[in-house]
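*Asks:* take a look and give me a structure for this.
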Amino acid sequence: MRRSGPVGRPGTIPPVPGRPTAPLLLLLATGLPGLLFALITWQVVADGPLVRADERLSAALARPDRTSELLSDLGNVQVALPVLAAALAWTAWRGRAAAADRWWLPPAAGVLAMAMVPLLVAPLKAWTARPGTPAVPPAVGYFPSGHTATAVVAYGGAVLLLLPWLGSVVARRALLAAGALLVLGVSFGLVRRGYHWPLDVVASWCLGAVLLVCLRWAVRAGHRRRTPQAPPSR
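*Replies:* Numbers count the residues shown, from 1 in each chain. The predicted structure is shown next:
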């Protein structure tokens, strides 16, 4: 039953006092991974105790083999970007056909999220100048992992873009599982092959999570349909 408006006419239910607004929820969802990323970055720059634990963990996990190299290759731009591009094209086509109010917003946000990966990762690599593991040639600039960030945003973004168009619960779960397995596969391959320290990968998870939360907000906003206004009462 709808509650009456301030003058007794039927109206919408007023907002519940104390319920978080959308901007606040967005801030809370991005705050935790953002803080964790800041903590990891601080430890890397300061060569803190977390770095020592990271090096020990890498020594225990790194066992280069062909499988780990193939998994890490799934984070290449040449592999991940076409997957996201296909999801962007499909979303734009379906959104326009469904007459969504802002059908262009989800694909535009997906493009922006992917574009932010090199814009964020490249300066961080240059600033932190973290050396690589013993399995790679001597160099710096391994933090955070660009391959992991690419995989998180490309595969995770494709999942977020396609999810609203799937009506079957089984299909939605399969899509979520496929996206998660691809990201985890790339992450495992990078650490197992010795291309990256584990903290490089975890930091990129956090960075990618922030971008995906923003993309999720844009996807939801883009799927709202224009509601016709009721004629004014006489």
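*Asks:* which helix or strand contains residue 108?
*Replies:* Using DSSP states H and E, residue 108 sits within helix 105-128.
*Asks:* check which helices and strands the helix or strand following that helix sits against.
*Replies:* As assigned by DSSP H and E, the chain's next helix or strand after helix 105-128 is helix 146-162. Identification of packing neighbours for helix 146-162 by 3 or more CB pairs under 8 Å, 6 or more residues apart in numbering; DSSP states H and E yields helix 77-97, helix 105-128, helix 169-193, helix 198-222. All C-beta spots, glycine's among them, are computed from the backbone N, C-alpha and C.
*Asks:* kindly recompute the last result at 10 Å.
*Replies:* Contacts defined by 3 or more CB pairs under 10 Å, 6 or more residues apart in numbering; DSSP states H and E place helix 146-162 against helix 66-73, helix 77-97, helix 105-128, helix 169-193, helix 198-222.
*Asks:* residue 38: which of those helices is closest?
*Replies:* When the helices and strands packed on helix 146-162 are compared by CB to CB, helix 198-222 sits nearest residue 38, at 8.8 Å.
*Asks:* quick one on the thing from earlier: any chance of the helices and strands packed on helix 146-162 in TSV, with distance to residue 34, mean pLDDT and mean neighbour count too?
*Replies:* Converted to TSV, the helices and strands packed on helix 146-162 look like this (distance: least, CB to CB, whole Å; pLDDT from 0 to 100; neighbours: other CB atoms under 10 Å):
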stretch	distance to residue 34	mean pLDDT	mean neighbour count
helix 66-73	26	96	16
helix 77-97	23	95	16
helix 105-128	12	97	18
helix 169-193	19	97	18
helix 198-222	6	94	22
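*Asks:* residue 52 is nearest to which of these?
*Replies:* From these, taking CB to CB, the stretch that ends up closest is helix 198-222, at 10.9 Å.
*Asks:* my read is that residue 43 contacts residue 49, right?
*Replies:* Yes - Residue 43 lies in contact with residue 49 (CB atoms under 10 Å); the separation is 7.5 Å.
*Asks:* the two: which is more packed in?
*Replies:* The neighbour comparison of residue 43 against residue 49 (other CB atoms under 10 Å) goes to residue 43, with 18 against 9.
*Asks:* stretch 135-152: which residues count as buried?
*Replies:* Using 16 or more other CB atoms under 10 Å as the burial criterion, the residues of stretch 135-152 that qualify are 141-152.
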